[in-house]
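Trainee: only geometry, no sequence info:
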């Protein structure tokens, strides 16, 4: 099978139990797989990636955007596919990407891909899982990740973004305890890097923050199709959105990003 002129890059920290699935989902059809491992990683992620035949670089943490820009820079191809270490490219997506390169170069300079969450213990997404879509396939000569410590969004400028139909499966949560830990760490990071807001505006959000976010996750992001698991997921996500607002209220402005 002919390989596409695409580099897939993955940033990782303590992902020894999941990264192999991500690598194997792309290894047979992209030109190279690059794994950028946080130097603070303490498990066997480095060994797993090397044993899988990837180009592996150990790099101190540069922030979410900075780490991904570092990954972009060390790839040998200009067309890049970015995966998280807990994501898997489906066969349908592989075929859709192949079709883009049938006539040398894709028509667009960037493409967004649906990211379908897989609940803990499940092997596939729930019914009607589409709630997120991100640019993950792009030409780095004109499109790059934003250099941000907390956000890893792609800056596409004035270029039109194509929309792929097939999805990436996102095995983001090992357990609901793992989800709570991730959100707790993420919440503090967002608080520490938040722009200053008035205490009054934050306090007014406190009574309704949980309810609004639960409605967003459970109804508008379709977690009602996930049964009891969807209720738990929506509740945990909503609780930590509430905690973010609460922590912003109690955190002195001197500890936040002043910009």
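Mentor: Yes, it's here. The structure presented is a predicted model; accordingly, all values stated were derived computationally and were not measured.

Trainee: show me what contacts residue 164?
Mentor: Residue 164 sits next to 93, 96-97, 111-114, 137 when contact means Cβ atoms under 8 Å, 6 or more residues apart in numbering. All C-beta spots, glycine's among them, are computed from the backbone N, C-alpha and C.

Trainee: show me the shaky parts of the stretch 1-150 of the chain.
Mentor: Nowhere does the stretch 1-150 of the chain drop to pLDDT under 70.

Trainee: one step back: the contacts of residue 164, buried ones only, as a PyMOL selection?
Mentor: Selecting only the buried entries of these in PyMOL, with 16 or more other Cβ atoms under 10 Å as the criterion:
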select buried, resi 93+96+97+111+112+113+114+137
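
Trainee: which of the contacts of residue 164 fall within strands?
Mentor: Among the contacts of residue 164, DSSP state E puts 111-114, 137 in strands.

Trainee: which of those sits closest to residue 240?
Mentor: residue 114 (23.6 Å; Cβ to Cβ).

Trainee: OK, contacts around the residue nearest to that closest one when sequence neighbours are not counted?
Mentor: Among residues not flanking residue 114 along the chain, residue 167 sits closest, at 4.1 Å (Cβ to Cβ, 6 or more residues apart in numbering). Residues near residue 167 by Cβ under 8 Å, 6+ apart: 90, 92-93, 113-116, 125, 129-130.

Trainee: mark which of those residues are buried, thanks.
Mentor: 90, 93, 113-116, 125, 129.

Trainee: what's the closest of the residues you listed to residue 148?
Mentor: Closest approach to residue 148 among the buried ones among the contacts of residue 167 (Cβ to Cβ): residue 115, at 18.9 Å.

Trainee: that closest one and residue 135 touch, don't they?
Mentor: No: applying Cβ atoms under 8 Å, one finds residue 115 not in contact with residue 135, separated by 11.0 Å.

Trainee: check contacts around residue 110.
Mentor: Residue 110 neighbours (Cβ under 8 Å, 6+ apart): 135, 137-139, 143, 154, 156, 159, 161-162.

Trainee: same question for residue 174.
Mentor: With contacts defined as Cβ under 8 Å, 6+ apart, residue 174 is in contact with 17, 120.

Trainee: for it, phi and psi?
Mentor: phi -70, psi -40 (degrees, to the nearest 10).

Trainee: how close does it get to residue 194?
Mentor: 28 Å (Cβ to Cβ, to the nearest Å).

Trainee: re the thing from before, put together JSON lines for the contacts of residue 110, with distance to residue 225 on each row.
Mentor: As requested, the contacts of residue 110 are exported to JSON lines (distance: Cβ to Cβ, whole Å):
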{"residue": "135", "distance to residue 225": "26"}
{"residue": "137", "distance to residue 225": "27"}
{"residue": "138", "distance to residue 225": "31"}
{"residue": "139", "distance to residue 225": "35"}
{"residue": "143", "distance to residue 225": "33"}
{"residue": "154", "distance to residue 225": "28"}
{"residue": "156", "distance to residue 225": "31"}
{"residue": "159", "distance to residue 225": "34"}
{"residue": "161", "distance to residue 225": "27"}
{"residue": "162", "distance to residue 225": "27"}
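
Trainee: and the contacts of residue 164 as a markdown table, adding distance to residue 32?
Mentor: Listed next are those as a markdown table, based on distance: Cβ to Cβ, whole Å:
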| residue | distance to residue 32 |
| --- | --- |
| 93 | 18 |
| 96 | 20 |
| 97 | 15 |
| 111 | 19 |
| 112 | 23 |
| 113 | 19 |
| 114 | 25 |
| 137 | 15 |
